[in-house]
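Colleague: Pasting a predicted model and its sequence here:
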Amino acid sequence: MLHFVAEADPTESAISRIAETDAINPFYTYPYSAYRAASDFQPWIFKIADDDSLQSGCVCFMKRGRLSTLLDIPSLPALGGAAEAFWKGVMVHCARHRVTDLAVQSFASSEAKIPRLVREDWRKTRCEYRIGLGNDLWERMRKGHSYSVKKARKSGLVLSRGLDKEACLAHQRLVHGSLTRRQQRGESVVLGEEGGDVERLLRSGCGQLFQALQDGVAVASNLILLSAKGAYNHSQGANEKGLATGAPHFLIRELVEVLKRDHAIEVFNIGGTDQLNSGLEQFKSGFGVTTSRLELEAAQFTLQSGLRAMLRSSVRRLQTIVGRG
């Protein structure tokens, strides 16, 4: 009989057992869990077991504040016939720990069917693109992509693995610039701490920073998360000079070769977008015949009663007004 188990502050070996269920998913690794823990999130593992046999599971994170408690599931596991037991267990867990907000993401997920649970703040359809790093890699790459790679090489671009503080700052600047351009085109983006805490993420060992340099200056940058057999494009950006020389296409082309050669990576996930039929989706879809598209979902839920949710919202608005004063 299937049963749900929630375990707080799991050991490295416990997280490793979850990672073994999906070896291409960097969001289930111990280094990623350590990175989130360093940002004041408490790691948990949720798993579905049949007697002593692990059927499915994921790593998730909880953060308590004065007014709310967030449970974040970054990557929903493949559930199959265990979906009912999983979601029932999640809701019991949320009630037991007084979770007020439940965020269900689908980064690097192989499937993401999210039921209508309680009060829904938002739900969106998104897609991700994966490149299988097999023998047919780059076969039938879109002509525009091939042209951009050749143009970048002729322009003298070189690949670099950024490690120092300046490389991290360059990544954040480039990501911010790319998001700003998308916003100006009318796309829905959120401007904030673009690229996240890059230095902390790199120190945790869960990712690497790849950059395209022209005359020693980064013109494009990609932050890649790693697992045993998979890699995930966490964030990327380029400046105007990089776009003009084909740097984003060149960088994907070159870093994938490094991942395949040096890390034995089998699947590279270019990342996702909820801006369907956008230029970003066209970019991600054009790298060749081994690229596949996955349709996914993400959603966020409020687990408080209507009155408590309104009270919390009012307190937050008051705090904002006082802070501005």
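Modeller: Sure thing, it's come through.
Colleague: Buried ones in stretch 230-241, by neighbour count?
Modeller: Buried residues in stretch 230-241, counted by 16 or more other Cβ atoms under 10 Å: G230, A231, Y232, N233, H234, S235, Q236, G237, A238, N239. C-beta: built from backbone N, CA, C; applies to glycine.
Colleague: For R64, see how far away H234 is.
Modeller: In this view, H234 and R64 are 25 Å apart by Cβ to Cβ, to the nearest Å.
Colleague: again with R119
Modeller: 20 Å.
Colleague: So if I had to pick from those two, which one is more boxed in?
Modeller: Taking neighbours as other Cβ atoms under 10 Å, R119 and R64 compare with R64 leading, 15 against 12.
Colleague: List the backbone torsions phi and psi for that one.
Modeller: phi -100, psi 140 (degrees, to the nearest 10).
Colleague: any idea how far it is from R98?
Modeller: Counting by Cβ to Cβ - R64 and R98 are separated by 9 Å.
Colleague: cool, and Q42?
Modeller: Relative to R98, and taking Cβ to Cβ, Q42 is found at 14 Å.
Colleague: Neighbour count for the two, which is higher?
Modeller: Remark: of Q42 and R98, Q42 carries more neighbours, 15 against 11, as counted by other Cβ under 10 Å.
Colleague: The nearest residue to the more buried one once chain neighbours are set aside: what secondary structure?
Modeller: Closest residue to Q42 apart from its sequence neighbours, by Cβ to Cβ, 6 or more residues apart in numbering: M62 at 4.7 Å. At M62 the chain is in strand, as set by DSSP: H, G, I helix; E, B strand; the rest coil.
Colleague: who's M62 bridged to?
Modeller: Q42, L71 (DSSP bridges).
Colleague: what about it, how many residues close to it?
Modeller: Here the count is done by other Cβ under 10 Å, and M62 has 17 residues near it.
Colleague: thinking P115 is in contact with V90, fair?
Modeller: No: the pair P115 / V90 is not scored as a contact, 10.1 Å apart, by Cβ atoms under 8 Å.
Colleague: neighbour count winner among those two?
Modeller: V90 (20 against 11).
Colleague: And the more buried one, which helix or strand is it part of?
Modeller: Assessed by DSSP states H and E, V90 sits inside helix 83-96.
Colleague: next structured bit after that helix?
Modeller: Toward the C-terminus from helix 83-96 - assigned by DSSP H and E - lies strand 101-104.
Colleague: Not counting sequence-adjacent ones, nearest residue to K165?
Modeller: Closest residue in space to K165, ignoring its immediate chain neighbours: E199 at 6.6 Å, by Cβ to Cβ, 6+ apart.
Colleague: ok, now how distant is the one you found from N239?
Modeller: Applying Cβ to Cβ to E199 and N239 gives a distance of 21 Å.
Colleague: what's the answer for T11, then?
Modeller: Distance from T11 to N239, by Cβ to Cβ: 43 Å.
Colleague: With R126 instead?
Modeller: Distance from R126 to N239, counting by Cβ to Cβ: 26 Å.
Colleague: repeat for R253
Modeller: Distance of R253 to N239, computed by Cβ to Cβ: 19 Å.
Colleague: Same check on Y30?
Modeller: 35 Å.
Colleague: what do you get for C206?
Modeller: 26 Å.
Colleague: just Q183 next, same as before
Modeller: 16 Å.
Colleague: Now do the strands in the stretch 101-250 of the chain.
Modeller: Remark: strands assigned in the stretch 101-250 of the chain by DSSP state E, counting those that start in this stretch are 101-104, 119-132, 158-162, 207-214, 217-226, 230-238.
Colleague: I'd like these written out as JSON lines, with mean pLDDT and distance to D52 added.
Modeller: Shown next, in JSON lines, are these (pLDDT from 0 to 100; distance: least, Cβ to Cβ, whole Å):
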{"stretch": "strand 101-104", "mean pLDDT": "96", "distance to D52": "28"}
{"stretch": "strand 119-132", "mean pLDDT": "93", "distance to D52": "32"}
{"stretch": "strand 158-162", "mean pLDDT": "92", "distance to D52": "42"}
{"stretch": "strand 207-214", "mean pLDDT": "96", "distance to D52": "33"}
{"stretch": "strand 217-226", "mean pLDDT": "97", "distance to D52": "30"}
{"stretch": "strand 230-238", "mean pLDDT": "95", "distance to D52": "27"}
